[in-house]
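> model this:
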Amino acid sequence: MPEFQEPDTFAALEKREWAKADVAQSYAKVFAKAADMVVPTLVAAVGACDDYDVLDLCCGHGNVAVGLLKAGARVTGLDFSPVMLEMAQAAAPDALFVEGDAMALKFEDQSFDAVTIGFGMPHVPDPPKVVAEARRVLRPGGRLAFSVWCGSEVDTALGYVFDAIAQYGSSGITLPPGPGANDYADPTLAFPVLEKAGFTNCRQSVVASKWQVNDPGAPYGFFLEGTARGGALLRPQPLANATAIRAAVVSKVIEKHGPGPEWDVPIPAVVTVAVAV
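Now for the predicted structure:
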């Protein structure tokens with residue numbers, strides 16, 4: 001009899017994919033060019049400055065930490081991926097980086113003046129626990145700021161790719177249950193979670209982040225090679241399905257953004273800010 005295998009979980013998928021050096025490095029090299037455009041908004045949103053202690057949760061390869069350090073803050077970064085932490089330490093040697101769980105922080109209450117989360121919310125199994133932990137370690141009046149990619153209700157590369165997967169992907173390739181990739185871009189979901197955890201003055205802004213590419217199929221490659229959720233759906237696709245998905249992305253980019261030979265492909269983000277009561 002075949003050996004029984006536990007079904008995959010969202011948490012296991014995230015940890016497994018972000019532990020892969022090629023996935024993490026591809027994200028940092030190309031996908032994060034759009035994420036980098038959001039860093040100044042996150043840094044400004046928490047008021048990072050000299051003598052501020054800032055916790056950068058789900059710190060990834062350290063791009064937000066670099067921005068916080070430039071603003072003069074003392075920075076502690078946390079992530080579950082050792083590969084990401086290695087890159088973060090190289091990028092921001094003056095910050096302290098630790099491996100850990102954003103849903104169960106090992107920091108004392110009221111340890112920080114601000115908390116940032118750069119695109120980490122969709123990568124944790126229980127985002128409300130992250131919000132509650134962020135509130136616990138924040139001093140009263142401290143700010144939390146987090147970014148999430150906009151959903152397909154607007155023109156976005158994320159929508160182009162995931163709509164193509166829905167249309168042309170193999171029906172046998174699915175993700176384990178988990179939070180939606182864009183859930184916390186929605187204020188009707190995010191604000192009540194924040195308020196329940198002890199935050200007030202919730203507000204959102206949109207950053208017009210984008211990729212500049214010379215290949216209309218580049219967004220397909222960025223998700224294929226440099227993401228956990230998208231990569232888990234794209235990497236196992238049979239050749240015929242993969243070819244159809246990429247062709248649909250190419251068609252959509254050209255339809256929305258012209259014949260080229262270069263394209264500004266939008267992947268806008270929402271930044272949410274709240275103040276600890």
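
> make it CA atoms for all contacts and neighbour counts henceforth
OK.

> so residue 59 touches residue 79, yeah?
Yes - between residue 59 and residue 79 there is a contact under CA atoms under 8 Å: 5.6 Å.

> and the pLDDT at the residue lying closest to residue 28 once chain neighbours are set aside?
In this structure, residue 28 finds its nearest non-sequential neighbour in residue 61, 6.4 Å apart by CA to CA, 6 or more residues apart in numbering. If you check residue 61, the pLDDT there is 98.

> the more surrounded of residue 59 and residue 79?
Comparing residue 59 with residue 79 by other CA atoms under 10 Å, the one with more neighbours is residue 59, at 26 against 23.

> quick one: contacts for the more buried one?
Residues near residue 59 by CA atoms under 8 Å, 6 or more residues apart in numbering: 65, 77, 78, 79, 84, 85, 88, 117, 118, 120.

> kindly check the end-to-end length of stretch 108-125 for me.
23 Å (CA to CA, to the nearest Å).

> what about that stretch, distance to the chain center?
Mean C-alpha position of stretch 108-125 versus that of the full chain (CA atoms, centre = their mean, to the nearest Å) differs by 12 Å.

> got the buried residues for that stretch?
112-125 (16 or more other CA atoms under 10 Å).

> is it possible to get the residues you listed out as a markdown table so that each row also shows distance to residue 180?
What follows is these, written out as a markdown table (distance: CA to CA, whole Å):
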| residue | distance to residue 180 |
| --- | --- |
| 112 | 28 |
| 113 | 29 |
| 114 | 25 |
| 115 | 22 |
| 116 | 20 |
| 117 | 16 |
| 118 | 16 |
| 119 | 13 |
| 120 | 12 |
| 121 | 10 |
| 122 | 7 |
| 123 | 9 |
| 124 | 10 |
| 125 | 10 |
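
> need the max-distance pair from those residues.
113 and 125 (25.4 Å; CA to CA).

> how close does the nearest residue to residue 46 once chain neighbours are set aside sit to residue 18?
In space, residue 46 comes closest to residue 143 once its chain neighbours are excluded; the distance is 5.3 Å by CA to CA, 6+ apart. Separation of residue 143 from residue 18 (CA to CA): 28 Å.

> which of the two has more neighbours?
Set side by side, residue 143 and residue 18 show more neighbours around residue 143, with 28 against 24, by other CA under 10 Å.

> a strand runs through that one, doesn't it?
Yes - when DSSP: H, G, I helix; E, B strand; the rest coil is applied, residue 143 is found to be in a strand.

> okay but it is in contact with residue 276, surely?
Yes - using CA under 8 Å, residue 143 is in contact with residue 276, at 6.1 Å.

> show me what contacts the residue nearest the centre of the chain?
Residue closest to the average C-alpha location in the chain (CA atoms, centre = their mean): residue 119, at 2.4 Å. Contact analysis of residue 119 by CA under 8 Å, 6+ apart lists 35, 58, 146, 147, 148, 149.

> looking at neighbours, which among those is most surrounded?
Highest neighbour count within those, by other CA under 10 Å: residue 147, with 29 neighbours.

> can you pull out the low-pLDDT segments for this protein?
Within the chain, the stretches with pLDDT under 70 are 1-7.

> where do the helices sit along it?
Counting by DSSP state H, the chain has helices at residues 10-18, 21-26, 32-36, 39-45, 63-70, 82-91, 127-137, 157-168, 187-197, 218-226, 229-234, 239-257.
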